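>>> Give me a model of this one.
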Amino acid sequence: MSSQEKDVKVGQSSSELALSVDRSSFETVADRTPHRQEPSLDNDGKDDVERGTESGRVHNDMALSQASPIGAENDTQASRVSIASHRSKASQAMSKVMSKSSKSKKEHLVPTELPLSDIESGVVGWDSQDDPTMPLNFTRTRKLLIVWLLSIITLMAPLSSSIIAPAISIYSEEFGNTNSTLAAMPVSIFLLGFAVGPLYLAPMCEIHGRAIVLTCSNIFFCAWQIGCALAPNLNSLIVFRFLAGIGGSAALTLGGGVIADLFPVEERGFALSIWTIGPTLGPSLAPLIGAFIAGSIGWRWSVWIIFIPATLTTVIMAFLFPETNHRVLIDRKVRRLQKELNRPELHSCYESEELRKLTRTAILKLGLLRPLKMLFLSPIIATISLYISFVYGCIYLMYNTVPTVFQGVYGWSTGVSGLAFIALGLGYTAGLALFSIFSDRQVVHLTKKNNDVYEPEMRLPTMVYFAFVCPITFFWYGWAAQTHAHWAASVIGLFPLGVGIFGIWLPAQAYLIDAYPQYAASGIAAFTVLRSITAAFLPLAGPSLFGTLGLGWGNSLLGFICVAMVPVPVLIHRYGGYVRKRWPLNL
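Got it, this is the predicted structure:
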C-alpha cells in the first residue's frame, strides 16, 4: 500500500472517530436534559449554564470535524484535535467559574407550604401559595421598610432607658436627694417597666394583632415622656419612668414576632440584624448624648430629645405599618366571610378544635400565662434567659458606674465621661456585623448537611464563640481602672463586652423565634421579663459591690460568674433539640 493511501485511510478513520464521539456526546446531553431533577436548594441556574456550555462545545467540535475533508493531511487532523482540546478546556474552565459564581449567591431552603382555604369543608386559609396578603409574600422592599420602621421605634426605648444615667448627680441635687440607691431608681425602674409590659403586650398582639398593639403602646410611651420631662420631684419621675418603660417595651417584645411573620428561616438573621440596629445604637449613644445635654442645657431636655422623634415615628407607623400576624389576618378573613357567605361555622386554618370552643376571654387568659409558662416550664428558655439576663444586667451596671469611674479616677467632666461608651458602641456594631454575616449562612450550611432538615439549634454555634469574649471586659476594664492605668486602656477594655453581648443576645433571640415561631412574641416576652428584671436591680448593687471589693475584684467577680456560664450555649446547642422534643410545651 502506498504512503498516500495510508494517509488517506488514517485521515478517514480519525474523522469518522471524531464524528462518532461528537454525535454520542450530543445524544448524551440531549438525553439527560428532559430528566434533570430540581435540586432541593436554589442553585440560580447553575445547571443551565453547565448544559449550555457543554452544548456549545459539542457544536464547535462537530463544525470542525465536518469542515475538514476526509483526505486531509495528518498535520491538519492534529491541528484540529489540538484546537478542539483547547476549546474544551476553556469551556470547562468557564463552566467552573460560573458554577462557583452561582454557588456564592444566596441559597434558599425549601419553603414551607401555606395552609389553603377549603370553604366546602369550612376551613378558611390563604387563597394560594402566592397570596399577596400573606406577609411572607410581601415584596422585599415592603418588608425592609417595615423592619426599618420597627428598628427606628425600637431605638427610642433603649435610648430613653439610659439617657439620664449621666445626669444622676444633677437631678439628685435638683431634687435634694442624697441616697445613691434612690438616685439610680429612675434608670432601673424604666427597665422594670420593660419586664412588666411584655406580660400583657405579647398575648394581646397574638389576639388583636401586632400593628394596633404597637401603635397604642408607642402613644402610651410618648405620653409619659412628657410626664418625665415635667416631673416636679424624684418620686414622680420614678413613677413616670416606670409607665414609659411599659409602653417602650412593645417594640422590643413584638419585633421578633414581626420578623417571624415576614421572613423565612434563612433570611431571619439578616432581618434581625437590621431590627437590632435600634437597640444596638440606643444604649451606646444614650449616655454620650445624655452627658452633653445634661451638662449644657439641662437633664430635662434629654427627655424631650426622645419625645420628638418618637412621636414623629409613631405617627408614620400608624399609617404605614401593616398587620403581619398570620393568625390575626386569617381570623379577620373568617369574620368577613362568615358575614358575606352567611356561614357562621367557618373557622381559621390555624385554630384547633379545642381552641374554637374557648371564648375570647379564656384565650386572653391563656395568652397572659403563656410567657410565664414558657419561662418556668421550659428548661431551655429558663437557662438561656438567665444567661442573657446576667450579661444584660452587667451592661446596665456599666451604664450607671462608668461615668462615675471616669469622673473620679481620670477627672473627666460629665459630658466627656460619656465618650467612654463609644468603645461599647463599636463593640455592639462589630458583634452585630459578625452575626449578620454568618448567621443565615450557617443555618443554610448546617441544614444542607442535615439532609435539608432544619433545627433551631443550628443558630447557636456562633453563640458559643462569643460566650468566651464577654468575660474579657470585666478583668481588663476593672483592673485598668483599679490601677489607674492610662484612660485608653480602660476605654478599650469595654469593647469586648459590646462584641460579646450581641454575639450572645442575637443568636438567642433568633433561636427562640425559630423554635416557637407561632408564639415568637410570647417567647421574646419571656426572654425580656427576666432580662429586664436583672437589668433593673443589678445596677443597684453596683455602689456596694465596688465600694466593698474595689473596681478590680468587683469586676473580676462579675467576670468569674460570666466564665461559669460559658457552658450554657454549648449544652443547649448539643441537647436542646432532644429536650424540646422529649418535653414539648403545651401552650
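
>>> Every contact and neighbour count from this point should use C-alpha atoms.
OK.

>>> Tell me the buried residues in the helix or strand hosting Ala362?
Per DSSP states H and E: Ala362 is located in helix 360-377. For helix 360-377, a neighbour-count test (16 or more other Cα atoms under 10 Å) marks 363-364, 367-368, 370-375 as buried.

>>> and what of stretch 288-303?
288-295, 298-303.

>>> now the residues you listed in TSV, with secondary structure and pLDDT?
Formatted as TSV, the buried residues of stretch 288-303 follow (DSSP: H, G, I helix; E, B strand; the rest coil; pLDDT from 0 to 100):
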residue	secondary structure	pLDDT
Leu288	helix	80
Ile289	helix	85
Gly290	helix	84
Ala291	helix	81
Phe292	helix	83
Ile293	helix	88
Ala294	helix	83
Gly295	helix	78
Gly298	coil	85
Trp299	coil	87
Arg300	helix	90
Trp301	helix	91
Ser302	helix	89
Val303	helix	91
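
>>> Farthest-apart pair in these, please.
Farthest pair in the buried residues of stretch 288-303 (Cα to Cα) is Leu288 and Arg300. Separation: 15.3 Å.

>>> Quick check: pLDDT value at the closest residue in space to Leu149 that isn't next to it in sequence.
Leaving aside its sequence neighbours, Leu149 sits nearest to Met317 (Cα to Cα, 6 or more residues apart in numbering; 7.0 Å). Note for Met317: predicted pLDDT of 92.

>>> Hmm, Ser217 and Met317 touching each other?
No. Judged on Cα atoms under 8 Å, Met317 makes no contact with Ser217 at a distance of 12.0 Å.

>>> re the thing from before, what about the helix holding Ala362, distance to the chain center?
25 Å (Cα atoms, centre = their mean, to the nearest Å).

>>> before we move on, what about stretch 145-152?
For stretch 145-152, the distance to the chain centre is 13 Å (Cα atoms, centre = their mean).

>>> and it, average pLDDT?
Stretch 145-152 comes out with an average pLDDT of 92.

>>> What lies in contact with it?
Outside stretch 145-152, the residues within contact range by Cα atoms under 8 Å, 6 or more residues apart in numbering are 251, 255, 259, 271, 274-279, 313, 317, 320-321.

>>> So which other helices or strands are in contact with the strand or helix carrying Ile274?
Taking DSSP H and E as the criterion, Ile274 maps to helix 265-296. Helix 265-296 sits against helix 140-162, helix 234-262, helix 300-320, helix 414-417, helix 421-449, helix 495-515, with contacts defined as 3 or more Cα pairs under 8 Å, 6 or more residues apart in numbering; DSSP states H and E.

>>> let's see 10 Å
Judged by 3 or more Cα pairs under 10 Å, 6 or more residues apart in numbering; DSSP states H and E, helix 265-296 is in contact with helix 140-162, helix 168-174, helix 234-262, helix 300-320, helix 379-409, helix 414-417, helix 421-449, helix 495-515.

>>> Let's see the pLDDT reported for the closest residue to Ser160 other than its chain neighbours.
Nearest residue to Ser160, sequence neighbours excluded (Cα to Cα, 6+ apart): Ile306, at 6.5 Å. Ile306 carries a pLDDT value of 91.

>>> and Ile306, how many neighbours does it have?
20 (other Cα atoms under 10 Å).

>>> now swap in Phe263 and tell me
Other residues lying near Phe263 total 20 when counted by other Cα under 10 Å.

>>> Any stretches of the stretch 1-150 of the chain with poor pLDDT?
1-111 (pLDDT under 70).

>>> rerun that using 50 as the cut-off
Low-confidence segments of the stretch 1-150 of the chain (pLDDT under 50): 1-91, 93-105.

>>> Go ahead and confirm Pro287 touches Thr401.
No. Between Pro287 and Thr401 there is no contact under Cα atoms under 10 Å: 11.2 Å.

>>> which ones are touching the closest residue to Trp487 other than its chain neighbours?
In space, and not counting its chain neighbours, Trp487 is closest to Tyr410: 6.9 Å by Cα to Cα, 6+ apart. Counting by Cα atoms under 10 Å, 6 or more residues apart in numbering, Tyr410 touches 404, 417, 481, 484-487.

>>> Only alpha carbons, please: show stretch 167-186 as CSV.
C-alpha atoms of stretch 167-186 as CSV (Å, rounded to 0.1, in the frame of the first residue of the first chain):
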residue,chain,number,x,y,z
ALA,A,167,-27.4,63.1,84.9
ILE,A,168,-28.0,61.2,88.1
SER,A,169,-25.9,63.6,90.2
ILE,A,170,-27.5,66.6,88.5
TYR,A,171,-31.2,65.7,89.1
SER,A,172,-30.4,64.4,92.6
GLU,A,173,-29.0,67.8,93.5
GLU,A,174,-32.1,69.5,91.9
PHE,A,175,-34.5,67.3,93.9
GLY,A,176,-32.4,67.4,97.1
ASN,A,177,-31.7,63.7,97.2
THR,A,178,-28.6,62.2,99.0
ASN,A,179,-29.5,58.5,98.7
SER,A,180,-27.3,56.9,96.0
THR,A,181,-29.6,53.9,95.6
LEU,A,182,-32.7,56.1,95.2
ALA,A,183,-30.9,58.3,92.8
ALA,A,184,-30.3,55.3,90.4
MET,A,185,-34.0,54.2,90.6
PRO,A,186,-35.2,56.3,87.6
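
>>> check contacts around Gly193.
Here Gly193 is in contact with 239, 241-249, 529, 532-533, 536 (Cα under 10 Å, 6+ apart).

>>> surely the residue nearest to Ser160 meets Met156?
Yes. The pair Ile306 and Met156 passes the contact test of Cα under 10 Å, sitting 6.5 Å apart.

>>> Common neighbours of those two, please.
Common neighbours of Ile306 and Met156 (Cα under 10 Å, 6+ apart) are 222, 286.

>>> quick one: Pro403 and Ile189, what's the gap?
19 Å (Cα to Cα, to the nearest Å).

>>> any idea of the pLDDT on the nearest residue to Gly282 once chain neighbours are set aside?
Spatially, and ignoring its direct neighbours in sequence, Gly282 is nearest to Leu159 (4.2 Å; Cα to Cα, 6+ apart). Note on Leu159: pLDDT of 88.
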